[in-house]
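Enquirer: take a look and give me a structure for this.
(chains A, B, C and D)
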Protein chains: 2
Amino acid sequence: MTARLKDVAALAGVSVRTVSNVVSNAAAVAPATRARVMAAVEELGYRPNLAARNLRQGRTGLIGVVVPEIHSPYFGALAGLLIDAAQGRGWTVLLERTGGRADLERRLLDGSEGHQVDGMIISPWSTSPADLASLAGGLPLVVLGELEPDGSIDHVALDNVGAARDAARHLVSRGRRRIAAIGLQSGLGHGTAELRAEGFRQGLREAGLSPVAEVEVADLHRAEGARALRELLALPEPPDAVFCFSDELALGALRVAAEQGVRVPEDLALMGFDDIEDGRFAAPSLTTVAPDREQIAERAVQCLTERVFGPVAALPARRIVVPHRVLARESTGASVTPV
Amino acid sequence: MTARLKDVAALAGVSVRTVSNVVSNAAAVAPATRARVMAAVEELGYRPNLAARNLRQGRTGLIGVVVPEIHSPYFGALAGLLIDAAQGRGWTVLLERTGGRADLERRLLDGSEGHQVDGMIISPWSTSPADLASLAGGLPLVVLGELEPDGSIDHVALDNVGAARDAARHLVSRGRRRIAAIGLQSGLGHGTAELRAEGFRQGLREAGLSPVAEVEVADLHRAEGARALRELLALPEPPDAVFCFSDELALGALRVAAEQGVRVPEDLALMGFDDIEDGRFAAPSLTTVAPDREQIAERAVQCLTERVFGPVAALPARRIVVPHRVLARESTGASVTPV
DNA sequence: CACGTTGATTGCAACGTTGCAACATTGACG
DNA sequence: CGTCAATGTTGCAACGTTGCAATCAACGTG
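Expert: Alright, predicted model coming up:
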């Protein structure tokens, strides 16, 4: 049915090995021979059998990208960018989603679940930094998100503390004084929420303020943002500004503000984190902290590629920090502009 | 480094073939032998080498899922469900996105791009139905979206005409008379937009109405919806209702309505199509046509699995239609309810 | 002219697995 | 007690590719 190296070789009148040299650019081949082989390849519609190639070479050409979820705007966009970046370096991406389940994260890391991959980029949810390296065994691994600086794993992350501090400063600069946060989480493997909470408090402290409330959430989705803002609006003295640790939380909160007739930004300034598409088109448009997602994806794939092809000797673990910026939009008082 | 069948066999004191029988459940194995082998597998941390297995069996265990984009809410959610459904049947999904580029769709179908897969589920954008089968060659293929009924390919789709008719009826039932549509597209491989336009007109015709305007768009994203509604609001007699062929278009339109002080639903009823998460939390929440996405994913994977493992003799092409329903929300006059 | 050097091509073996067919063992049955 | 079937186990070969080392021809150099 499908043509093999052997068939091409027979048609072109050369050895199997020479055909292999042509199709994989392995060794020098005389121009005339190359042309003859290429013609035979064309005629038979030959495609290399990747299973055989993988078996022989011990590599699959696949990298795993493990995220908690694909359908959310943030991870969806990130996954798309990672796929692009990987393709640019000749990788094929195997996208896995864990739904935050610890056992699934573990099984993907230790290789008992999913296909064989040459390396992995993971945005961990439940697994603690310490467990990541040991579970992965020798598998090249790049972690998205912050880790202890003394860890032995490559990671790519924002300066979460600095970013949250910038967010707090932004709200302060808009004249707000009664500022709350939505999005704290406890008991997770990664410490992102804690870092943002820390930065948030720092930013307020600089202005001599302290948080009027900090609301815990179970996840970072809209429904939780809605619930949390209802809680805050029921306080005797509700806040005049809220920093949500994700745009989705903020959009849920925005919806509740509309329901209850609370004007944004007049009565309540609202800002999010992530810069998802929906926030740009919300009414009012959502102020947010925008991480440089392209750079996260690009650097992560680059880092992983170096690990896979790099020297066997252990390179030192890298800690790559990508920039972010605050995008001031209508929800914190920027003038209304057509999208 | 990693253990092979051979190593396990040596440790357990049986032949390589018997270990293979144990790990792949291929043949009857005595309980005592099985236990001894399993113990050795455990001790050595043996994992089957998939490349070798694939080479031997001629199957990869991978199915390709090809969509125009991953980061959009509709395709993101669909991709997630497809991955779940595939996992339930033992497949691993290779997610590819084409960005609507015709040449990339073609190369993915004919196998010159991407990894080798046992079958493919594709949501085509640029490629015409006629070309799909010929490009795929013998590769089992399931198409998402409507095709000519006489085609030779399995497909899973909504009744797009019926769904759009239901949408039009909904707007009519709300007392609207000056009804427009946003989302027509020309020059694409798939005919979804045409089908929805057709159903939309049918629904109006039943009520003795005809469209006050039908706006073409370049894609189905928010920015185009925003542009299109600006166009409609500039008409001498603007519509009192608009049916958008996607929720994203509708959300873009919703934003422009807010910008221009047009009240939804009082001045303008607005509805979308797809039932994406954002629509539920928009203010006002967005009336939409909800396809049964779980069923699309489940049926598509089921259909493909049957193709791959089914009899060699050509099964007749299947045409699977999944149900949909109109979700009436605030943007067409449902009372405001907390999310 | 002998010799080393370079470039092009080749055959062989191996990657780790499973299909196939053969073999050994046991129990059932006439 | 001999025969047959069922059950459990095995060795061999093959899937399609590439690493390795060997071969061969052609060429420039001392």
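
Enquirer: can you tell me the helix or strand for A:Leu254?
Expert: Secondary structure assignment for A:Leu254, by DSSP states H and E: helix A:247-259.

Enquirer: name the element the closest residue in space to A:Thr60 that isn't next to it in sequence belongs to?
Expert: Spatial nearest neighbour of A:Thr60, chain neighbours left out: A:Asn54 (4.9 Å); criterion: CB to CB, 6 or more residues apart in numbering or on different chains. Any C-beta I mention is one placed from the backbone N, CA and C, and that applies to glycine too. Here A:Asn54, judged by DSSP H and E, is contained in helix A:50-57.

Enquirer: what angle separates that helix from helix B:50-57?
Expert: Here the directions of helix A:50-57 and helix B:50-57 differ by 130 degrees (axes from the mean of the first three to the mean of the last three CA atoms, to 10 degrees).

Enquirer: looking at chain A, which helix or strand is least sure?
Expert: Every helix and strand of chain A was ranked by mean pLDDT, DSSP states H and E. The lowest is helix A:129-136, at a mean of 81.

Enquirer: would you mind writing the CA trace of it as CSV?
Expert: Provided in CSV are the C-alpha atoms of helix A:129-136 (Å, rounded to 0.1, in the frame of the first residue of the first chain):
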residue,chain,number,x,y,z
PRO,A,129,7.3,22.1,42.8
ALA,A,130,9.3,19.6,44.9
ASP,A,131,7.4,16.6,43.3
LEU,A,132,7.7,17.8,39.8
ALA,A,133,11.3,16.9,39.2
SER,A,134,11.2,13.6,40.9
LEU,A,135,8.0,12.5,39.1
ALA,A,136,9.4,13.5,35.7
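
Enquirer: what residues sit buried inside that helix?
Expert: A:129, A:131-133, A:135-136 (16 or more other CB atoms under 10 Å in any protein chain shown).

Enquirer: only alpha carbons, please: show the helix holding A:Asn54 as CSV.
Expert: Output of helix A:50-57 as CSV, limited to C-alpha atoms (Å, rounded to 0.1, in the frame of the first residue of the first chain):
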residue,chain,number,x,y,z
LEU,A,50,7.6,8.0,11.8
ALA,A,51,7.1,5.0,14.0
ALA,A,52,10.1,3.3,12.5
ARG,A,53,12.2,6.5,12.6
ASN,A,54,11.2,7.1,16.2
LEU,A,55,12.1,3.5,17.2
ARG,A,56,15.5,3.7,15.6
GLN,A,57,16.3,7.2,16.9
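
Enquirer: just the buried positions in that helix, please.
Expert: Result for helix A:50-57 [16+ other CB under 10 Å]: buried residues A:50-51, A:53-55.

Enquirer: try stretch A:321-338
Expert: Here stretch A:321-338 shows A:322, A:324, A:326-333 as buried, counting by 16+ other CB under 10 Å.

Enquirer: near DNA strand C, which residues of chain A?
Expert: Neighbours of DNA strand C within chain A, by CB under 7 Å from any atom of the strand: A:14-18, A:21, A:27-30, A:32-33, A:52, A:55-56, A:58.

Enquirer: closest one of those residues to B:Ile121?
Expert: Proximity of those to B:Ile121 (CB to CB) peaks at A:Ala52, which lies at 25.7 Å.

Enquirer: show me the contacts for the closest one.
Expert: Counting by CB atoms under 8 Å, 6 or more residues apart in numbering or on different chains, A:Ala52 makes contact with B:Leu55.

Enquirer: go on, A:Val67?
Expert: By CB under 8 Å, 6+ apart, the contact set of A:Val67 is A:75, A:78-79, A:95-98, A:122-123.

Enquirer: again with A:Val117
Expert: A:Val117 touches A:60, A:62-64, A:94, A:139, counting by CB under 8 Å, 6+ apart.

Enquirer: try A:Asp292
Expert: Counting by CB under 8 Å, 6+ apart, A:Asp292 touches A:322-324.

Enquirer: tabulate the residues you listed (TSV), appending pLDDT.
Expert: TSV is the format used below for the contacts of A:Asp292 (pLDDT from 0 to 100):
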residue	pLDDT
A:Val322	96
A:Pro323	97
A:His324	97
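
Enquirer: list the ones among those that fall in strands.
Expert: A:322, A:324 (DSSP state E).
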